[in-house]
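Undergrad: Kindly return the folded structure for what I paste below:
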Amino acid sequence: MRADSSVFITGATGFIGQHLVTALLEQGHAVRALVRPEKVTDKRIPAACEQFPVGLSDVDGLTAIVAGCDAVIYCAGNVRGSSPDDFLSANINGVRAMLEALQRVSRAPPLLLVSSLAASRPHLSDYSFSKHAGEQLLLGRPSLAWTILRPPAVYGPGDKEMLPVFKMARRGLLVHAGPADQRLSLLHVDDLARAVLAWLASWQQCLHKTYAIDDGRPDGYDWPAIGEAISGGKYRQLILPRLLLDVTAISNVMLAKLMGYQPMLTPGKVRELVQADWLSDNCDFTAATGWRPNLDLRTGAQQLFATLSSELR
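TA: Okay, the predicted model is just below:
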């Protein structure tokens, strides 16, 4: 795909989406970003990026946009909620609308769905089920050119989920919910952005494939390795009891219904957190695109905290 090709992205205002927009613009792509219909201009999106205030389920509006694009990156996603309905709009219905829009275009551009490693275990939570269901919609559209990318836990500047764990570990206390021998794949957001650029350059080799990628560490990280990489070895480890997590999650869901907010910690999320492993393998994606990650956890964490320090000055 040409360096100056037109790329349409959903989820552009999220943590991952903002990094993707920046990477695409730096490579010279003309970027079109979906924003909420009530947003005339979203200040979180660079001025060089063209904004389209169209609803995620507006098939007619989406069709008009994708008809003039060379590629589509679907990065929108619901990550918080206490019921299946809370994950419908972006993880399932939005994907369906995008596919309908692409189906209407005579020469539909290729689609990259940025999903989640959680989709590999749909039985665990409403979130993981919704990501799996969104992927299944692509499987039912063999006439379209699509690829699914399943990143693991992604961290970096702007992240709000992993950052509290990293900050605490940096101060010497490594707190986690998973078992002592749990192993996790991780990925810096800059490497994820580079993976998306690699897909753009080689999407023909990735047709109808699903790839789970990570930072290249064989068999992922156990918690001592995470503590070592972030703190330099000066940490104490605290494993949160499962009973405490379950009680807190149930209470959080009940409070969320009373207060009207979308909770992150739910019984389903607890089941995700305590899995023995969440592991990826880059081999197939590297073979198809040539992409290789640049940042292991130690280097990525150092860059993250250097960025945070500079922002405070």
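
Undergrad: Wait, residue 210 touches residue 148, no?
TA: Yes: look at residue 210 against residue 148 with Cβ atoms under 8 Å: they come within range, at 4.1 Å. (Each C-beta comes from the backbone N, C-alpha and C, glycine too.)

Undergrad: Mutual contacts of these two, please.
TA: 115, 135 (Cβ atoms under 8 Å, 6 or more residues apart in numbering).

Undergrad: Settle it for me: which of the two has more neighbours?
TA: Under the criterion of other Cβ atoms under 10 Å, the comparison of residue 210 against residue 148 puts residue 148 first, with 22 against 19.

Undergrad: May I have the residues that are in contact with the more buried one?
TA: So residue 148 contacts 112-113, 115, 135, 138, 209-211 (Cβ under 8 Å, 6+ apart).

Undergrad: Equivalent analysis for residue 250, please.
TA: residue 267.

Undergrad: Let me know the pLDDT of it.
TA: What the model reports for residue 250 is a pLDDT of 95.

Undergrad: Tell me both backbone torsions, phi and psi, for it.
TA: phi -60, psi -40 (degrees, to the nearest 10).

Undergrad: Same question for residue 265.
TA: Dihedral angles for residue 265 - degrees, to the nearest 10 - are phi -80, psi 110.

Undergrad: same deal with residue 82?
TA: phi -110, psi 0.

Undergrad: Quick one, grab the pLDDT at it.
TA: Reported pLDDT for residue 82: 89.

Undergrad: is it true that it touches residue 256?
TA: Yes: between residue 82 and residue 256 there is a contact at 5.3 Å, judged by Cβ under 8 Å.

Undergrad: joint contacts of the two?
TA: Counting by Cβ under 8 Å, 6+ apart, the residues touching both residue 82 and residue 256 are 262-263.

Undergrad: what secondary structure does residue 215 sit in?
TA: With DSSP: H, G, I helix; E, B strand; the rest coil as the basis, residue 215 sits in coil.

Undergrad: any idea how far residue 115 is from the closest residue to it other than its chain neighbours?
TA: Closest residue in space to residue 215, ignoring its immediate chain neighbours: residue 293 at 4.7 Å, by Cβ to Cβ, 6 or more residues apart in numbering. Distance of residue 293 to residue 115, given as Cβ to Cβ, to the nearest Å: 18 Å.

Undergrad: repeat for residue 261
TA: 25 Å.

Undergrad: Tell me which of the two has more neighbours.
TA: residue 115 (25 against 12).

Undergrad: ok, that one touching residue 134?
TA: Yes: applying Cβ under 8 Å as the test, residue 115 and residue 134 come out as touching, 6.7 Å apart.

Undergrad: quick one: the strands in the stretch 51-200 of the chain?
TA: Secondary structure of the stretch 51-200 of the chain (DSSP state E, counting those that start in this stretch): strands at 71-74, 111-114, 146-150, 153-155, 173-176, 183-184, 186-188.

Undergrad: Distance to residue 99 added to these, as TSV?
TA: Output for those, formatted as TSV (distance: least, Cβ to Cβ, whole Å):
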stretch	distance to residue 99
strand 71-74	9
strand 111-114	8
strand 146-150	8
strand 153-155	24
strand 173-176	37
strand 183-184	31
strand 186-188	26
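
Undergrad: Any chance of CSV for those, columns mean pLDDT?
TA: Below are the strands of the stretch 51-200 of the chain laid out as CSV (pLDDT from 0 to 100):
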stretch, mean pLDDT
strand 71-74, 98
strand 111-114, 98
strand 146-150, 98
strand 153-155, 97
strand 173-176, 94
strand 183-184, 98
strand 186-188, 98
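
Undergrad: Out of those strands, the one nearest residue 279 is which?
TA: Nearest to residue 279 among those is strand 183-184; the distance by Cβ to Cβ comes to 6.2 Å.

Undergrad: Lowest mean pLDDT among the helices and strands of this structure, which one is it?
TA: Across the helices and strands of the chain, mean pLDDT, DSSP states H and E gives its lowest value to helix 297-312, namely a mean of 88.

Undergrad: residues in contact with that one?
TA: 155-157, 163, 166, 170, 186, 188, 190, 215, 217, 221, 225-226, 229-230, 295.

Undergrad: try it again with 10 Å
TA: 155-159, 162-163, 166-167, 169-170, 184, 186-191, 215, 217, 220-221, 225-226, 228-232, 293-295 (Cβ atoms under 10 Å, 6 or more residues apart in numbering).

Undergrad: Pull up the overlap in contacts between residue 115 and residue 134.
TA: In contact with both residue 115 and residue 134: 74, 77, 91, 95, 148, using Cβ under 10 Å, 6+ apart.
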